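A.B. asks: Requesting a structural model of the entry that follows:
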Amino acid sequence: MTVSTETITGYHAHVYYDADTRPDAEALRADIDQMFDTRLGRWHDKPVGPHPVWMYQVAFSADLFAEFVPWLALNRRGLNILLHPETGDDLADHSTHAMWLGESISLRLDQFRQKTG
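C.D. replies: I've put the predicted structure just below:
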C-alpha cells in the first residue's frame, strides 16, 4: 500500500544532544534560526515523549525540505538527528517514515502503540 505525500503537513527534525554536545546543539540551533524559516521548540534536557535522550525539535514546512535537509546533513556538527514527516500518524511518522542523519536511536514507541491499539 502506498501513502500519498498529500498527507504531509510539515516536517520535524529532532536534534539530539547531551551535556557534552550541548554547545554544538546551541551553535546548530543559532545557525538554523538565522538561516531558515523554522519553528524552534523548547530545549529538553531530559528524555521526553518517545525520545530517550535530550533533544529539541525544529518544525519546518514541506516547501523548505529540499533546501533545509541537505544543509542539515552537511552542518549537523556530529549530532544525531531524526527527521520525519507530519502525517497525523505519530507511530508511522516516528518509525516507518523516519529518516536519520547520523546514528539512529531506539525510540520509545510504546506510547504511540497504546494510542492506536
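A.B. asks: Not counting its neighbours along the chain, what's nearest residue 3?
C.D. replies: residue 87 (7.2 Å; CB to CB, 6 or more residues apart in numbering). No exception for glycine: its C-beta is placed from N, CA and C like everyone else's.
A.B. asks: ok, now which ones touch the one you found?
C.D. replies: 3, 7-9, 93, 97 (CB atoms under 8 Å, 6 or more residues apart in numbering).
A.B. asks: Quickly note the distance from it to residue 56.
C.D. replies: 22 Å (CB to CB, to the nearest Å).
A.B. asks: Residue 37 now?
C.D. replies: 17 Å.
A.B. asks: and what of residue 104?
C.D. replies: In this view, residue 104 and residue 56 are 18 Å apart by CB to CB.
A.B. asks: So the two - more neighbours on which side?
C.D. replies: For the pair residue 104 and residue 56, the greater number of neighbours falls to residue 56 (21 against 11), based on other CB atoms under 10 Å.
A.B. asks: a helix runs through the more buried one, doesn't it?
C.D. replies: No - per DSSP: H, G, I helix; E, B strand; the rest coil, residue 56 lies outside any helix segment and is strand.
A.B. asks: Beta-bridge partners for it, please?
C.D. replies: Beta-bridge partners of residue 56, counted by DSSP bridges, are residue 15.
A.B. asks: So residue 92: helix, strand or coil?
C.D. replies: On the basis of three-state DSSP, residue 92 is classed as helix.
A.B. asks: Return the residues in contact with it.
C.D. replies: residue 3.
A.B. asks: Strands of the chain, residue ranges please.
C.D. replies: All strands of the chain, identified by DSSP state E, fall at 10-16, 39-40, 55-60, 81-86, 99-101.
A.B. asks: which other helices and strands contact the longest one?
C.D. replies: Strand 10-16 sits against helix 22-35, strand 55-60, helix 65-74, strand 81-86, with contacts defined as 3 or more CB pairs under 8 Å, 6 or more residues apart in numbering; DSSP states H and E.
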